[in-house]
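Visitor: fold the stuff below for me.
(2 chains)
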Amino acid sequence: NAGVTQTPKFRILKIGQSMTLQCTQDMNHNYMYWYRQDPGMGLKLIYYSVGAGITDKGEVPNGYNVSRSTTEDFPLRLELAAPSQTSVYFCASRHTGGGGEKLFFGSGTQLSVL
Amino acid sequence: GENVEQHPSTLSVQEGDSAVIKCTYSDSASNYFPWYKQELGKRPQLIIDIRSNVGEKKDQRIAVTLNKTAKHFSLHITETQPEDSAVYFCAATPNYGGATNKLIFGTGTLLAVQP
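Guide: Take a look at the predicted model:
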């Protein structure tokens, strides 16, 4: 299994540009998450999904959109990039069952908005 | 919503000493409390977790304690080694109004183990 795969690994955007961060998992997990991690800071939840067709806002959803058309994919869309969105973005999926709720993280996307 | 506070933000210990990181949470209905370790430039990885029906859990050199009354939980690392150097995050799962699926993280603790 590849686990959770994120693309791209690095990206530089100009203010006002848009882009989609891709996330796919091959573990058949229902739950998927997008977090952002600012330098020296913790992980802030942007959006999450409990299954195909179902998404909900996290702590910091403004400026982002998501969709979940399949179990495997959970893309994150930035419509009008702003410098405040410079961050490292982590996608994660969640194992449930057997008493465990471990999050499996992707390797992250480092985004700079200039 | 749920708010998780974590202290200290940085912690430096000598190799072989113990390290303790503390977290508090705001939602008394939260019922799941994991700890994640993030090495420099890597993704976070789960190291230990505890549920609200348990007061303490151990796994070799690491342990987690939970005080539901005070709404705080702690990570204890004994006999620290240089490879324990990393950022550690606590988290809590709030349990209200359909929001049982979120995992809210603390701000992290940078642990440096000096050889």
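Visitor: contact residues of chain B facing chain A?
Guide: By C-beta under 8 Å from any C-beta of the partner chain, the residues of chain B that approach chain A are B:1, B:6, B:32, B:34, B:36, B:43-46, B:49, B:51, B:89, B:93, B:101-108. The way it works is simple: take the backbone N, C-alpha and C, and place the C-beta from them, glycine included.
Visitor: buried members of those into PyMOL, please.
Guide: In PyMOL, a selection of the buried entries from the residues of chain B next to chain A looks like this (16 or more other C-beta atoms under 10 Å in any protein chain shown):
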select buried, chain B and resi 6+32+34+36+43+44+46+49+89+93+101+102+103+104+105+106+107+108
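Visitor: let me see the contact set for residue 74.
Guide: No chain specified, so I'll use chain A. Each residue near A:Phe74 by C-beta atoms under 8 Å, 6 or more residues apart in numbering or on different chains is listed here: A:23-25, A:32, A:34, A:49, A:66-68, A:91, A:93.
Visitor: wait, chain B was what I had in mind.
Guide: Taking C-beta under 8 Å, 6+ apart as the contact definition, B:Ser74 lies against B:20-23, B:64-65.
Visitor: in those residues, which residue is surrounded by the most others?
Guide: Tallying neighbours with other C-beta atoms under 10 Å in any protein chain shown puts B:Cys23 at the head of the contacts of B:Ser74, with 26 neighbours.
Visitor: helix, strand, or coil at that residue?
Guide: Judged by DSSP: H, G, I helix; E, B strand; the rest coil, the three-state class of B:Cys23 is strand.
Visitor: partners of the closest residue to it other than its chain neighbours in the sheet?
Guide: Closest residue in space to B:Cys23, ignoring its immediate chain neighbours: B:Cys90 at 3.7 Å, by C-beta to C-beta, 6 or more residues apart in numbering or on different chains. Judged by DSSP bridges, the bridge partners of B:Cys90 are B:Trp35.
Visitor: ditto for B:Lys57
Guide: Per DSSP bridges, the residues bridged to B:Lys57 are B:Val64.
Visitor: poorly predicted segments of chain A, please.
Guide: Chain A contains residues with pLDDT under 70 at A:96-100.
Visitor: how about the residues of it that lie near chain B?
Guide: A:31, A:33, A:35, A:40-45, A:48, A:50, A:56, A:58-59, A:90, A:94, A:99-103, A:105-108.
Visitor: of these, grab the buried ones for ChimeraX.
Guide: Command for ChimeraX that selects the buried part of those, burial taken from 16+ other C-beta under 10 Å:
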select /A:31,33,35,42,43,44,45,48,50,58,59,90,94,101,103,105,106,108
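Visitor: now intersect the residues of chain A next to chain B with the strands, please.
Guide: Among the residues of chain A next to chain B, the ones falling in strands (DSSP state E) are A:31, A:33, A:35, A:43-45, A:48, A:50, A:56, A:90, A:94, A:103, A:105.
Visitor: hmm, who's touching stretch A:54-61?
Guide: Here stretch A:54-61 has contacts from A:33-36, A:44-50, A:66-68, B:1, B:101-102, B:104, using C-beta under 8 Å, 6+ apart.
Visitor: kind regards, and thank you for your time.
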